[in-house]
Each structure stands twice: as C-alpha cells, then as structure tokens.
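Chemist: Need a 3D model of the sequence below.
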Amino acid sequence: MRLQRFLASLGLGSRRACERFITEGRVKVNGRVAELGSSVEPGRDRVLLDGRRLGRPQRRVVVVLHKPKGFLSTCRRGREEGRLVTELVDVGARLFPAGRLDRDSEGLLVLTNDGALALRLTHPRFGKEKEYEAILDRPADKALVRRLVTGVRLADGPARAVQVRRLGHSRLRLVLTEGRKRQVRRMLQASGYEVRGLKRTRIGGLSLGELKPGEYRLLDKTGVERLLS
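Modeler: Residues are numbered from 1 along each chain as shown. You can find the predicted model right below:
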C-alpha cells in the first residue's frame, strides 16, 4: 500500500495533506525518513508520524451532513470565526470534510476518514458533478443562463457550469464539475449578480434528501457507490 494512502486511511487528512507530511520529513518507516511514493505493509512495517507510531488502517467511515450556515468546512479554526462542521458529527471516528462549502452556504457535505475517496470527490480530473440552488438579488434572465454555460472569466481562470436551469424569477439550479473556492458566488458576481442564498443539493448520484440543517447520516456501501456514480 502506498504510504500516503495508508496515512489517509488512518484519518490523518486528505491524501494531499498526507503527501505533505512525507515531503516535510515528518514520517519514518522502519527507522528511516520516508520518501514520497514509498510502500508499506500495514501491521508489519513500523510507521511513525512526528515520532508517534501509527496503527492499522481503521474502517472506512463516510457521513453525509446537511451543513448549516455559519459553520466552517474544516477541521481546524483559522482566521474565520464560526463552529466547525466536525463538531456536528459523532460517529466514533476522526473525520475530515471531503471538499468545502463556504461559511455562508449550506447543503450536502461529505465527511470521511478515507483520503482516496476524498480525492475522487474533489479533484477536477474526476469530473464529479455538484449541484447547487442559488437565490439571487434580482430576477435571472436567459442571457445569464447562456453566459454561465458558455463560461465567465475569473481571477483564477475561466469557469463554466455544465448545466443551468431557472427555478423561478430569481432562483437557479447549477451543475458544476469542479469546485474552486466560492466558485458559484464568483461566477454570478462576475455576471453582475449577488447571491442571497446558496445550497448544495447533490454530489455525484447522491442527493441531500430530507436531511435538515445539522442532521447527518452514515453511508453504507450502496450509498458510497451512488456518491461515486
């Protein structure tokens, strides 16, 4: 098993975060400083992170949470104020968010201890669909729909929705396959609109369903397959 995958399977963070642990020289395998791409055999090799020995991979846990507004989609508080989404979930495992929703947004958020799963949900190369409902500050017209599908230019490059549908005078449903920071809000702002409310309702084949803000549910194997479909 690749070392970074082993670390991620222990709930230590996403695979990218675990790769940083290795490149920073914080991981040792059988007494030697590990290199990126190293392989380990769980239960036989002695793996240390910052001098602490790590055990066998724990069972995979995947949770779907209806993130409420005002909560931060991170494991640690930075400069932003607010409670952490991890405070809402108690399943006996250390979880981290697979992707983010900004503090002012709500909706479907996945938390897991599986770094490989988190990568498949978040990396653009996998093209995972994410569906949002947006409430705007004024009525949306057909020109806005066309522009969002054609693409708008943002500071970090062009961005487009793969599907946009008007749900009412000032409500839109958008489907994206990438998840840049505050992307929906920035795309609409670049088009002359302000977002008054934003909710993520679907990731892959998994919908938010009847979960109320702050509620969550554990996913079984079938649920994970829907998420990845």
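
Chemist: Contact partners for the residue most central in space within the chain?
Modeler: Note on the chain: the residue nearest the mean C-alpha position is residue 99, at 1.3 Å, using Cα atoms, centre = their mean. Listed by Cβ atoms under 8 Å, 6 or more residues apart in numbering, the contact set of residue 99 reads 73, 109-110, 118, 121-122, 179, 203. C-beta: built from backbone N, CA, C; applies to glycine.

Chemist: cool, and residue 36?
Modeler: 3-4, 19, 22-23.

Chemist: distance of it from residue 3?
Modeler: Using Cβ to Cβ, to the nearest Å, residue 36 is found at 8 Å from residue 3.

Chemist: Is the residue nearest to the centre of the chain in a helix, a strand, or coil?
Modeler: coil (DSSP: H, G, I helix; E, B strand; the rest coil).

Chemist: Give me the neighbour count for the residue nearest to it when sequence neighbours are not counted.
Modeler: Nearest residue to residue 99, sequence neighbours excluded (Cβ to Cβ, 6 or more residues apart in numbering): residue 122, at 4.7 Å. Burial measure for residue 122: 20 neighbouring residues, criterion other Cβ atoms under 10 Å.

Chemist: after the strand ranked longest in the chain, next one along is what?
Modeler: The longest strand of the chain (DSSP state E) is strand 195-203. Helices and strands here follow DSSP states H and E; after strand 195-203, the next one along the chain is strand 206-207.

Chemist: just checking, next helix/strand downstream of that following strand?
Modeler: Toward the C-terminus from strand 206-207 - assigned by DSSP H and E - lies strand 216-218.

Chemist: Quick one: distance of the helix or strand just after that next one to the chain centre.
Modeler: Sequence order places helix 221-228 as the next helix or strand after strand 216-218, per DSSP H and E. Offset of helix 221-228 from its chain centre (Cα atoms, centre = their mean, to the nearest Å): 15 Å.
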